[in-house]
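Chemist: below are the sequence and a predicted model; questions follow.
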Amino acid sequence: MRVGQRRALALLFVLLVTAAGLAAPSVVRAATAPDAPPAAPRPEPFGAACHTSVQGSHVTAYCHNPYPDTDRVRLHTDCANWWDLDADAAPVEVAPGQTVRLTDRCWKDVRTVWVTHQKTS
C-alpha cells in the first residue's frame, strides 16, 4: 500500500471510530433512561361554588353545585367578641344543578365566615 492510501485508510478508520464513539453513549443513555411515570388520573371535578357575604351581624352564603355528585356544605361563622358564640350550621346537601342559601348571625360583629364541603357516598 502506498503512503497516501494508508493515510486515507487511517483517516477513514479514525472517522469510523469517532462516529461509533459518539453514537454509543446516546444508545446507552436511551437504553438506561427510566421510563416516564404513568400519568396520574385527573380527579373528578367536585364541590359547589359558594359565595359569602356579611352585612353587619348577618351572614349569607349561596352555594351552586354544577357537578354530577352531591355536595354536603356547611356554613361556619366565627364571631368577633369573646362572649358571642361561634356557630356551625347544620350540613345541607346540594344536588347537581341546585343552589342553596345558608344564613347565620352573630349578636354583634362577625370575624370570619367559611364554607366546608363533604362528598356524599
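Modeler: Arrived safely. Everything quoted here is computed from the prediction, not taken from an experiment.

Chemist: do you know how far Asn81 is from Val54?
Modeler: Distance, Asn81 to Val54, by C-beta to C-beta, to the nearest Å: 15 Å. Quick note: C-beta positions are derived from backbone N, CA and C, even for glycine.

Chemist: of the two, who's got more company?
Modeler: Higher neighbour count among Asn81 and Val54: Val54, with 18 against 11, using other C-beta atoms under 10 Å.

Chemist: ok, for the more buried one, nearest residue in space, not its chain neighbours?
Modeler: Val110 (5.0 Å; C-beta to C-beta, 6 or more residues apart in numbering).

Chemist: which strand or helix spans the residue nearest the centre of the chain?
Modeler: Compute the mean C-alpha point of the chain, and by C-alpha atoms, centre = their mean the closest residue is Pro43, 8.5 Å away. In this assignment (DSSP states H and E), Pro43 forms part of neither any helix nor any strand.

Chemist: identify the residues contacting it.
Modeler: Not one residue lies near Pro43 by C-beta atoms under 8 Å, 6 or more residues apart in numbering.

Chemist: check what pLDDT it gets.
Modeler: In the predicted model, Pro43 carries a pLDDT score of 80.

Chemist: residue ranges with poor pLDDT in the protein?
Modeler: Along the chain, the parts satisfying pLDDT under 70 run over 1, 3-33.
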